[in-house]
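Asker: Coordinates only, no sequence provided:
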């Protein structure tokens, strides 16, 4: 059996009892390291907090490992219980659909243990989850690559009065361009987009298109470390949020659509 | 301190360790009974499963109680730790924003413990969460009241190729019309909309409008008891799903938009 277990958003104590039961009975425990494990107290020298809680070793699985060695993990799960831990919900912001598809094709049973993800935890700011339009991703711009497909989606959501969740780029274990040229993989240091960078990029693209999908005066909500003890949630215009230091990652941003009175009342508590 | 704790979707073991820590230190524990507690093994004669796990009594709080006696609960939370338990995530499909607003106005500190909700757990069917448009609610039709504002929203989502989550009506502790006339409150038995009823109503409204927003041949995914051990997920056309007996509540329905190949592969496993 392959257990895909969501860890939630905060730290090791955000696992559910059902998830912990599963981990405890598994012979091998992997944790995905595609995204961010920052808040789980995991350092390069070990996974101590989680391992202490689980009473067993936890194997860090980066994207490469999961893509290249998925069949190993899955064949282990054929004969025994294997856990694959995922930050947030297994099918939240990041998807693990591919691993499930491969498992099912190989006849490996899969059980999913759900948890909170950014997609529902943003509800804490008071904006109703059913009033969101399509979610967008804001990628890091480079000198030569400045994709802006998010613009049209945000514009559409705003015309309909809907809120927009912007997921901000995360670059973990990306091979450096230089190392790829040399044919020997070396990795860039991880980087996580801040709310400030996201807003700068958003405004740059608004200036380029000039269709007033949004502006410096558009109301937004910035979230840092959502679900953690030290989470930070600030509501304000893009201009105002540009001046805020949200601190450590992860960050995400909501562009506010039309609001109902109870949404306004709640947002008021988070205003600058 | 008022702790608003999400219980997740399955049963008492879907609470997080953080949530259980909070409940254990609270002097009073309320559980909201607005929606459904069916899967939590709660019967009319007690809350035994939860109380056994928590080691303390749990007070059932229906909508009336929370609306009328919120100030009592909040004043208790002024001087001591009080937990308010919510099925799913505190800000998932049902909202408890109003309670938080009242707490903040009274100067009561609030801590939220997140958990899975329908809004993110539907990801398990393989349809990407960021490819959903606005969520709709399907209310029970009566002889005289057949509201269809969902039609336009579904139509819009489908034109954009987006998936649509349909939340199905729940009627718990609704005063009966007869009892309201008599001035003495008596309650209707609880009722939960099935996927079959939802599809019948959807097709009735399509026939009324005749704009081909969707049809009997539109692909959908039906979910029953999502997140529970005995959950049921079936993909098929509206016509096909009409013939399926999904069993006990809660049900919800996703109307599929345009799909990517990996979404198709995953849906394939759930096909009739």
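Answerer: That came in fine, so what should we check first? Keep in mind the model is a prediction, meaning the values are calculated, not measured.
Asker: Going by C-alpha atoms from here, please, whenever you check contacts or count neighbours.
Answerer: Will do.
Asker: Chain B contacts on the stretch 51-200 of chain A?
Answerer: Listed as neighbours of chain B in the stretch 51-200 of chain A under the rule Cα under 8 Å from any Cα of the partner chain: A:89-93, A:95, A:97-98, A:100-101, A:112-117, A:119-121, A:123-124, A:126, A:128-136, A:162.
Asker: looking at this, residue A:265 is in a helix?
Answerer: Yes - with the criterion set as DSSP: H, G, I helix; E, B strand; the rest coil, the secondary structure at residue A:265 is a helix.
Asker: What is the burial count for the spatially closest residue to it that is not a sequence neighbour?
Answerer: Residue nearest to residue A:265 in three dimensions, not counting chain neighbours: residue B:101, with 7.0 Å by Cα to Cα, 6 or more residues apart in numbering or on different chains. Residues lying near residue B:101 (other Cα atoms under 10 Å in any protein chain shown) number 21.
Asker: for residue A:142, same thing?
Answerer: Neighbourhood size, residue A:142 [other Cα under 10 Å]: 8.
Asker: Phi, psi for it please.
Answerer: Dihedral angles phi and psi of residue A:142 (degrees, to the nearest 10) take the values phi -120, psi 180.
Asker: Could you tell me the model confidence score at it?
Answerer: Model confidence at residue A:142, expressed as pLDDT, equals 94.
Asker: Can you give me the distance of it to residue A:201?
Answerer: Between residue A:142 and residue A:201 the distance is 11 Å, computed by Cα to Cα, to the nearest Å.
Asker: Now the common contact residues for those two.
Answerer: Residues within reach of residue A:142 and of residue A:201 at once, by Cα atoms under 8 Å, 6 or more residues apart in numbering or on different chains: there are none.
Asker: so which residue of chain A comes closest to chain B?
Answerer: The minimum distance from chain A to chain B, using Cα to the nearest Cα, falls at residue A:16 (3.8 Å).
Asker: related to what we said a few turns ago, take the residues of the stretch 51-200 of chain A next to chain B and keep only those in strands.
Answerer: With strands identified by DSSP state E, the entries of those that belong to them are A:112-113, A:136.
Asker: Just among those residues, which is most surrounded?
Answerer: residue A:113 (27 neighbours).
Asker: Who is it paired with across the strands?
Answerer: Under the criterion DSSP bridges, residue A:113 forms beta bridges with residue A:5.
Asker: Test my guess that it contacts residue A:2.
Answerer: No - the pair residue A:113 / residue A:2 is not scored as a contact, 10.8 Å apart, by Cα atoms under 8 Å.
Asker: how about residue A:22, secondary structure?
Answerer: Note that with three-state DSSP, the state of residue A:22 is helix.
Asker: whoops, I mixed them up, residue A:202
Answerer: Here residue A:202 is recorded as helix under three-state DSSP.
Asker: what residues are up against the nearest residue to it once chain neighbours are set aside?
Answerer: Counting by Cα to Cα, 6+ apart, the nearest residue to residue A:202 once its immediate chain neighbours are dropped is residue A:151, at 7.9 Å. When contacts are counted by Cα under 8 Å, 6+ apart, residue A:151 touches A:202, A:205-206, A:213.
Asker: Now do the strand or helix carrying residue A:151: distance to the chain's middle.
Answerer: Taking DSSP states H and E as the criterion, the element that holds residue A:151 is helix A:149-159. Helix A:149-159 has its C-alpha centroid displaced from the chain centroid by 21 Å (Cα atoms, centre = their mean, to the nearest Å).
Asker: Now residue A:58: phi and psi?
Answerer: In this entry, residue A:58 is assigned phi and psi values of phi -120, psi 130 (degrees, to the nearest 10).
Asker: Does the closest residue in space to it that isn't next to it in sequence lie in a helix or a strand, and which?
Answerer: What sits nearest to residue A:58 in space, not counting adjacent residues and going by Cα to Cα, 6+ apart, is residue A:29, at 5.1 Å. Residue A:29 is part of strand A:28-32 when elements are defined by DSSP H and E.
Asker: hmm, back to that, out of the contacts of residue A:151, which is most surrounded?
Answerer: Within the contacts of residue A:151, most neighbours by other Cα under 10 Å means residue A:202, with 20 neighbours.
Asker: What's the separation between that residue and residue A:196?
Answerer: Shown here: residue A:202 relative to residue A:196, a distance of 10 Å by Cα to Cα.
Asker: immediately after the worst-scoring helix or strand of chain A on mean pLDDT, which helix or strand?
Answerer: Taking all helices and strands of chain A together, the one with the lowest average confidence (mean pLDDT, DSSP states H and E) is helix A:177-182, at a mean of 65. Heading C-terminal from helix A:177-182, the first helix or strand you meet, by DSSP H and E, is strand A:191-192.
Asker: Can you spell out which helices and strands pack onto that following strand?
Answerer: Taking 3 or more Cα pairs under 8 Å, 6 or more residues apart in numbering or on different chains; DSSP states H and E as the contact definition, the neighbouring helices and strands of strand A:191-192 are strand A:170-171.
Asker: Helices of the stretch 51-200 of chain A, start to end?
Answerer: Counting by DSSP state H, counting those that start in this stretch, the stretch 51-200 of chain A forms helices over residues A:63-79, A:97-105, A:118-121, A:149-159, A:177-182, A:195-209, given from the N-terminal end onward.
Asker: what's the most buried one of these?
Answerer: Burial among the helices of the stretch 51-200 of chain A, expressed as mean neighbours by mean count of other Cα atoms under 10 Å in any protein chain shown, is greatest for helix A:118-121, which shows a mean of 24.
Asker: Check what contacts it and list those residues.
Answerer: Outside of helix A:118-121, the residues that reach it under the criterion Cα under 8 Å, 6+ apart are A:9, A:88, A:92-93, A:129, A:226-227, B:89, B:91-92, B:114, B:116-117, B:119-120, B:129.
Asker: same check, this time on stretch A:83-92
Answerer: Stretch A:83-92 is contacted from outside by A:2-9, A:22-23, A:26, A:28-32, A:35-37, A:96-97, A:112-119, B:116, B:120-121, B:123-124, B:126, B:128-129, using Cα under 8 Å, 6+ apart.
Asker: related to what we said a few turns ago, ok now do the residue nearest to residue A:58, which residues does it touch?
Answerer: Each residue near residue A:29 by Cα under 8 Å, 6+ apart is listed here: A:23, A:57-59, A:82-85.
Asker: Surely residue A:15 touches residue A:9?
Answerer: No - with contact defined as Cα under 8 Å, residue A:15 does not count as touching residue A:9 (9.1 Å).
Asker: Could you list the low-confidence segments of the stretch 1-150 of chain A?
Answerer: Applying pLDDT under 70 to the stretch 1-150 of chain A flags the ranges A:34-47, A:92-95.
Asker: Tally up the residues packed near residue A:88, please.
Answerer: With neighbours defined by other Cα under 10 Å, the count for residue A:88 comes to 27.
Asker: And residue A:55, by the same measure?
Answerer: Counted with other Cα under 10 Å, the burial measure for residue A:55 works out to 12 neighbours.
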